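Student: my questions concern the predicted model and sequence given below.
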Amino acid sequence: MGTQLEEVYNYMMQYAMVSPGDRLVVGLSGGADSVCLLHMLCSLAERLGINHTDIIAVHVHHGLRGQEADRDAEFSKNLCDTLGVGFELYKTDINKYAEENGLTVEEAGRKYRYACFEECCIKYECNRIAVAHNKNDLAETVIFHMLRGSGIRGMRGILPVRDTIIRPLLDMDRSRIVAYLSEVGMTYCEDATNASCDYDRNKIRHVILPAMEHINTGSLTHICNLAKDADAYYTLTDKLSEQAYDVCVTELKNKYSISIVALEKLERLIQRNICYKVITNLAGSAKDITSQHVDALLHLCSLQSGSEICLPYALIARKSYDAILVQKSKDYHVEDDCFVPQEISVPGVYDMTDWGTIKISLVKRENIEEISKNQYTKMFDYDKIYGSLCLRRPEEGDFISVNAAGNTKKLSRLFIDCKIDRQKRSCWPVIACEASVVWVVGLRESYQYRVESQTQNVLVVQYIRKGEQNGRENQCAHQ
């Protein structure tokens, strides 16, 4: 077995890329890299424990480059016939596909290719997708990510294995691939667009990397070693960040809440990882999420309550006293957290949609051993309540009695004192008799309606969070 073939085999074993009996889809463009990959996999098939019939090559014709693209497709088909492997051709108008999906042509090409690979996997019951990224591709990607400010995560470049995707040639540079093909007498197709510097990656390939190699002939290897170190470093910190994430972040309906107190106890690196994960989870993508966005989210912690920033993918982040709330801006409507006002009859049970349920009962004072001190179960002197009770949202002019002297406080002031997020105040549930508030649910009960020694009838009001037996966590959930 040749030196290069042995190295690729060892690299595949190191990362457990293939197991005996696996079935492979192989991306085949007809270029040097993919031809080398397919030839090597066929040469190693027996040693890997797979059959030639378990290898399916996929060629994607993007509807670009005219006759040159037709030539590549024909070449790929003939190569597969020669090697005795399966062949599938996919063809589309990638310009139209890009326009329909709001992508650049380059992004659309990649998305469509991998969609074809996945479709072929299903069709032939394959469990691995082999693509021909090499050492040069890895270095180019690291530089590309560095220039875009993607941080340590981006410095990992391209991984040897990601889900079902394997990259057997990732440790082999382009010059050795060409040398291998020459040694085994294999021809390949040249894509004229690869020589153009119209694309950013081609500028890195033809201008930046050669300049680096001129400064230091080992720069390609050094960049790839940096990628390996970055991956090891990222893997370790990611584990630590996952543990801290569960402490700092609460995933609520349509938004994530980050505890500022918990976040500030962590090292800045872990803080940044947590913020990055919140953004990418909500965005559904890591593309275009840079260090600048992560730093902006972190900086929000030091700003005053109510401060907001905009993030990619139509995300909005807002400081709410001791938390940072991140959500898609189009998803936020105050009315989503509101409920229909309801007149209260005693006894009764009243639904407040996502807020939960209010349960009301009337009990004789003599039957109560102890006045409840539970935050979510309150007792009031029913005979002091004149007029009808209503479960509703706060209204202009609402007030609450705060002491025996009869002093009152505006409800708007109470919300500020209790650090209730401004966006939530208008929908916070209250039980009131006209403008006199009996209970701001979960926050403060009125002194005016307290139970005393001469009380005869006690109004018992219990707040039950939806799906739970108590509302202990509800206050945080709606702040």
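Tutor: Great, that's in hand. Every value quoted in this text rests on a predicted model; they were computed, and no experiment measured them.

Student: show me where the stretch 351-479 of the chain has strands.
Tutor: Under the criterion DSSP state E, counting those that start in this stretch, the stretch 351-479 of the chain contains strands at 357-364, 377-381, 390-392, 399-401, 408-410, 430-433, 436-440, 444-445, 457-464.

Student: who wins for proximity to R176 among those strands?
Tutor: strand 457-464 (68.1 Å; CB to CB). All C-beta atoms are positioned from the backbone trio N, CA, C, and that covers glycine.

Student: for I152, which of the strands of the stretch 351-479 of the chain is the nearest?
Tutor: Going by CB to CB, the one of the strands of the stretch 351-479 of the chain nearest I152 is strand 457-464, 45.1 Å.

Student: just checking: what are the partner strands of that closest one?
Tutor: Looking at strand 457-464 with DSSP bridges, its partner strands are strand 357-364 (antiparallel), strand 377-381 (antiparallel).

Student: for the last one, the distance to its chain's centre please.
Tutor: If you compare the mean C-alpha spot of strand 377-381 with that of the full chain, they lie 44 Å apart, counting by CA atoms, centre = their mean, to the nearest Å.

Student: export the strands paired with strand 457-464 as TSV, with columns for distance to H39, mean pLDDT and mean neighbour count.
Tutor: Below are the strands paired with strand 457-464 laid out as TSV (distance: least, CB to CB, whole Å; pLDDT from 0 to 100; neighbours: other CB atoms under 10 Å):
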stretch	distance to H39	mean pLDDT	mean neighbour count
strand 357-364	68	90	15
strand 377-381	74	91	21
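
Student: with distance to S29 added, can I get these in TSV?
Tutor: Converted to TSV, the strands paired with strand 457-464 look like this (distance: least, CB to CB, whole Å):
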stretch	distance to S29
strand 357-364	61
strand 377-381	68
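
Student: re earlier: let's have the strands of the stretch 351-479 of the chain in a markdown table, adding distance to M12.
Tutor: Below are these laid out as a markdown table (distance: least, CB to CB, whole Å):
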| stretch | distance to M12 |
| --- | --- |
| strand 357-364 | 58 |
| strand 377-381 | 63 |
| strand 390-392 | 66 |
| strand 399-401 | 71 |
| strand 408-410 | 71 |
| strand 430-433 | 66 |
| strand 436-440 | 64 |
| strand 444-445 | 66 |
| strand 457-464 | 57 |
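
Student: where does the stretch 51-200 of the chain dip in pLDDT?
Tutor: Counting by pLDDT under 70, the stretch 51-200 of the chain has low-confidence residues at 192-199.

Student: mind listing the helices for it?
Tutor: Per DSSP state H, counting those that start in this stretch, the stretch 51-200 of the chain carries helices over the ranges 66-83, 94-101, 105-124, 135-147, 151-155, 174-184, 200-203.

Student: and the ones you listed: which comes nearest N367?
Tutor: helix 151-155 (62.2 Å).

Student: so what does the closest one touch, helix or strand wise?
Tutor: helix 135-147, helix 219-248, helix 268-283 (3 or more CB pairs under 8 Å, 6 or more residues apart in numbering; DSSP states H and E).

Student: just the buried residues of the helix or strand just after the last one, please?
Tutor: Tracing the chain C-terminally past helix 268-283 and defining elements by DSSP states H and E, one meets helix 291-299 next. Neighbour-count burial for helix 291-299, with 16 or more other CB atoms under 10 Å as criterion, is recorded at 291, 293-294, 296-298.

Student: want to throw the residues you listed into a markdown table with pLDDT and distance to K239?
Tutor: Listed next are the buried residues of helix 291-299 as a markdown table, based on pLDDT from 0 to 100; distance: CB to CB, whole Å:
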| residue | pLDDT | distance to K239 |
| --- | --- | --- |
| S291 | 83 | 21 |
| H293 | 90 | 23 |
| V294 | 90 | 19 |
| A296 | 91 | 26 |
| L297 | 93 | 22 |
| L298 | 93 | 21 |
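
Student: now the residues you listed in JSON lines, with distance to E99?
Tutor: As requested, the buried residues of helix 291-299 are exported to JSON lines (distance: CB to CB, whole Å):
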{"residue": "S291", "distance to E99": "31"}
{"residue": "H293", "distance to E99": "27"}
{"residue": "V294", "distance to E99": "31"}
{"residue": "A296", "distance to E99": "31"}
{"residue": "L297", "distance to E99": "32"}
{"residue": "L298", "distance to E99": "37"}
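
Student: all set now, cheers.
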